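Undergrad: Please find the sequence and the predicted model below.
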Amino acid sequence: MPHPRRSLVQAIAPIVLASLALTAASARLAAQEIECDPGDTEVRSLRFEGNKTFSGDELSARVLTTPSSFAKRYFKIFGTKRCLPSDGLAPDVQRLKQFYENNGFYDTKVDTVVSPVSRAVVDVTFRINEGPPMRLDTLEITGLDSVADAASITRDLRLRPGGRFGRLQMYADIDTITARLRNAGYPAATVLREYQTHAEEHVAEVRLDVEPGPLAHFGTIAVSSRDVNGRAPEIDSAVVLGLLGFRQGDRYSDRALIDAQRNLYNLGAYRHVGVDLDSASIGDSVANVRIDLREDYMQQVDLQEGWATLDCVRLNAQYTNKNFLDRAKRIELTGRVSKLGYAFPKDAPAIRNICYRPYLDQDSTFSSRLNYYGGATFRQPTLFGTHWVPAYTAYTERRGEYRAYLRTTYIGGDASATRDIGFGMPMRVGYTLEYGRTEAEPAILCAVFSRCDTRSQADFRRNLRLAIASVALQRIRVDNLVEPTNGYVLGSELRGAAPIIGTDSSQRFGKATFDGSWYHELTRGVIVALRARSGFITAPRDTSGARLPPPQERLYAGGANSVRGFQQNELGPVVYLVDSNQLDSAVTLADGSIIQVLKPNARESRTIPVGGNTVFVFNAELRLRDPFFPQLLEYVPFLDGGQVWTRVGHVQGFNIKSIVLTPGLGVRLFSPIGPIQLNMGYNSHPSQPGPAYFAAPVDVSGRAPLICVTPPGVEPVPYKETSTGIQQGQCPASFAPAKSSSFFSRIVWTLSIGTNF
């Protein structure tokens, strides 16, 4: 004979579901009733008074009454106008009372105040008297005597004797107990509840009867699979069984089924993955599993082309085999080139003008060479049957950072493993070994590393081994990975190079970076976005006292995706180059040394970013969709700030007071190639002081072309020409180029493709 309480639950379940469906349907219908018709009363604001347990945001989500949009309230001309519901405020009062009752407040009273603002505009206030909450007097949980670790099943429940009682908390605890039992080997577990409330005393008693059912182990695992055309699959069922993460005879777990489904989806080889418990085996000690799979194409070729302000024309091609060696292993062959048109072909001015020449002409040292990448990546489904997914890559590449460095890797290898250590928490550990060289501007080598002659600069650019161990972790909690409107993303990475793992002794460093982004939708089409980034580096001191890693590992800031009041990488320590027409005079001293002095109000010909070993950047922006073309345009007022420091006295010391702020406005156009954003950042700050050099012509003996020049009123640095080159002291970081004080001259224009963060 069936259990009477279970029969009751089964009988009322359809009624509950039907009522929920009707409630959702009525909400959808009612949503149409706040649209304004002629003669309707507009709602300017919605407030809640007296609510202590729940916030106004939580309560506003439970009522139909909604104020007009931010743009409509404050700009009047555009935005969304919303009016009082056609059936009045009484249904909203009942919704609020029901919400409070479900959370344990049975005596809640709700009044409404409608305050006229003008003839057809009102403010709506819900005044709430929550009343005393229902308290849980006793909680009895039975039926767990046969469960080995019963304490772990009932720990940290929401219901506690003496605490607040609410039906929502009770149902949440029932779900928690059921889920824990099913993960502990009881697939047929159910929880039945009985509760009584005493309105006068404001107390309740709850009894939860747990029926765990038999302890089960996995039985037969049946795999049904077809290829994309409905024929026999390419991936053998024996391979599939080895990727599930559980075997026949293991203790049953709901979580094991979910992990198995994720493992198969992560292969990228299936269009559909179904991992289900055979319903006929529920309630038995043996749980049979059905695997239903639909394969995707096993071989794939992807071609991509694009354009960017710093890359000009870029091309990417990738060939993927998703069933390499018939073992569901994956191999990817990738080729990528960028700076096409600017670096190649160089002798075609018409093609070069396709590129963003105002940027690239200032970086001709590095951007005039083609950037490329060629690599092969081999991925295994799992590592030794664990949840780690390994990948092995061999590659060659050339890549640069704007005005900072050019890195050429003749041969490199990378071994990594990734896994999710929690929902939306990917973790990656890796090891990279490269053989190549890094080229930096001679002015940087002279100013930062005191390598001012061509011989020592050539020694810096020699080919070296660079081995890096790294670990990265992210926590992703956003509603949309491409255009998030609510949620947050946190990330951190640790990187290090030391001789013990294979790097050259001159390349040692340790590096840590941290990133965080937060998004919140204020109202439809209005989003607040915040981001913060920080990082620091430690490295052995060189002869100049600097603690700097190789240029490609330094920290940079400034540009369209950073602090938008500065051009790319120009926030923080910089070195200046000047033309000969900026020199005032040359004086020969008695000992034969020469000094060079700049003219008053001298201007730089080039600004070269140095990078640093400490960085802090933050961005705050308001994303406003255009009211007339919301799918095409977005306006982005922003405030950016930050600084890059180098912990070396003669370059720039760490000082929190040196953080700069730059407000501005961006206009974003949504195009087929991605969002295109034009930013206007206002930079009211004076030029960053830094060393200044005159690049004299290189003579046949290879003498250094860099001569320190100083502004008037600063102690000049004398230099001598010797047989080994030019000898001079440390160039002071005292030159600050003259800057116009007019408003429009302080506007910094940046252009980007893709969302900033």
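TA: Alright, I've got the coordinates.

Undergrad: what's the distance between residue 631 and residue 400?
TA: Noted for residue 631: a distance of 36 Å to residue 400, by CB to CB, to the nearest Å. Quick note: C-beta positions are derived from backbone N, CA and C, even for glycine.

Undergrad: Looking at those two, which one has more neighbours?
TA: Neighbours per residue (other CB atoms under 10 Å) separate residue 631 from residue 400, with residue 400 holding more: 23 against 8.

Undergrad: Could you tell me which residues within the one helix or strand the more buried one maps to count as buried?
TA: For residue 400, the enclosing helix or strand under DSSP states H and E is strand 389-401. Neighbour counts over strand 389-401 (16 or more other CB atoms under 10 Å) mark 389, 390, 391, 393, 395, 396, 397, 398, 399, 400, 401 as buried.

Undergrad: Could you check the angle whichever helix or strand comes after it makes with strand 389-401?
TA: Toward the C-terminus, strand 389-401 is succeeded by strand 405-420 as the next helix or strand (DSSP H and E). Here the directions of strand 405-420 and strand 389-401 differ by 160 degrees (axes from the mean of the first three to the mean of the last three CA atoms, to 10 degrees).

Undergrad: Let me have the buried residues of strand 389-401 in JSON lines, adding distance to residue 495 and pLDDT as columns.
TA: As requested, these are exported to JSON lines (distance: CB to CB, whole Å; pLDDT from 0 to 100):
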{"residue": "389", "distance to residue 495": "21", "pLDDT": "84"}
{"residue": "390", "distance to residue 495": "19", "pLDDT": "90"}
{"residue": "391", "distance to residue 495": "18", "pLDDT": "93"}
{"residue": "393", "distance to residue 495": "17", "pLDDT": "97"}
{"residue": "395", "distance to residue 495": "18", "pLDDT": "97"}
{"residue": "396", "distance to residue 495": "21", "pLDDT": "97"}
{"residue": "397", "distance to residue 495": "18", "pLDDT": "96"}
{"residue": "398", "distance to residue 495": "21", "pLDDT": "95"}
{"residue": "399", "distance to residue 495": "16", "pLDDT": "92"}
{"residue": "400", "distance to residue 495": "19", "pLDDT": "87"}
{"residue": "401", "distance to residue 495": "16", "pLDDT": "84"}
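
Undergrad: what residues does stretch 115-132 touch?
TA: 39-53, 59, 63, 65, 67, 84, 89, 92-93, 96, 100, 105-114, 202 (CB atoms under 8 Å, 6 or more residues apart in numbering).

Undergrad: Endpoint to endpoint, that stretch covers what distance?
TA: One end of stretch 115-132 to the other measures 29 Å (CA to CA, to the nearest Å).

Undergrad: Can you point out the buried residues in that stretch?
TA: 121, 122, 124, 125, 126, 128, 130.

Undergrad: So which of the buried residues of strand 389-401 is the closest to residue 192?
TA: Minimum separation from residue 192 among the buried residues of strand 389-401 (CB to CB) is found for residue 389, which lies at 41.6 Å.

Undergrad: export the helix or strand hosting residue 74 as PDB, just CAs?
TA: Taking DSSP H and E as the definition, residue 74 sits inside helix 70-75. As requested, C-alpha coordinates have been extracted for helix 70-75 and formatted as PDB (Å, rounded to 0.1, in the frame of the first residue of the first chain):
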ATOM      1  CA  PHE A  70      16.600  56.600 -15.500                       C
ATOM      2  CA  ALA A  71      16.800  58.400 -18.800                       C
ATOM      3  CA  LYS A  72      13.000  59.200 -18.800                       C
ATOM      4  CA  ARG A  73      13.100  60.500 -15.300                       C
ATOM      5  CA  TYR A  74      16.000  62.800 -15.700                       C
ATOM      6  CA  PHE A  75      16.200  63.700 -19.400                       C
END
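
Undergrad: Tell me how many other residues crowd residue 580.
TA: Residue 580 is flanked by 10 other residues according to other CB under 10 Å.

Undergrad: How much space separates the nearest residue to it once chain neighbours are set aside from residue 443?
TA: By the measure of CB to CB, 6 or more residues apart in numbering, the closest residue to residue 580 outside its immediate chain neighbours is residue 694, 6.7 Å from it. When CB to CB is the yardstick, residue 694 and residue 443 sit 10 Å from each other.

Undergrad: Also residue 605?
TA: For residue 605, the distance to residue 443 equals 11 Å [CB to CB].

Undergrad: shared neighbours of those two, anything?
TA: Both residue 605 and residue 443 are contacted by residue 577, under the criterion CB under 8 Å, 6+ apart.

Undergrad: who has more neighbours, these two?
TA: When neighbours are counted by other CB under 10 Å, residue 443 comes out ahead of the other of residue 605 and residue 443, with 24 against 15.

Undergrad: So what does that one look like in phi/psi?
TA: phi -60, psi -40 (degrees, to the nearest 10).

Undergrad: so where's the stretch 551-700 of the chain shaky on pLDDT?
TA: Under the criterion of pLDDT under 70, the regions of the stretch 551-700 of the chain flagged as low confidence span 590, 647-655, 696-700.

Undergrad: Strands of that one, start to end?
TA: Chain-ordered strands for the stretch 551-700 of the chain, with DSSP state E, counting those that start in this stretch as the definition, fall at 574-578, 583-588, 594-598, 606-609, 614-625, 633-648, 652, 660-671, 674-682, 692-695.

Undergrad: Quick check: beta-bridge partners of residue 204?
TA: residue 136, residue 197 (DSSP bridges).

Undergrad: number of nearby residues for it?
TA: Under the criterion other CB under 10 Å, the count of neighbours that residue 204 has is 24.

Undergrad: Could you tell me which residues make contact with it?
TA: If a contact means CB under 8 Å, 6+ apart, then residue 204 has 134, 135, 136, 137, 165, 195, 196, 197, 198 as its contacts.
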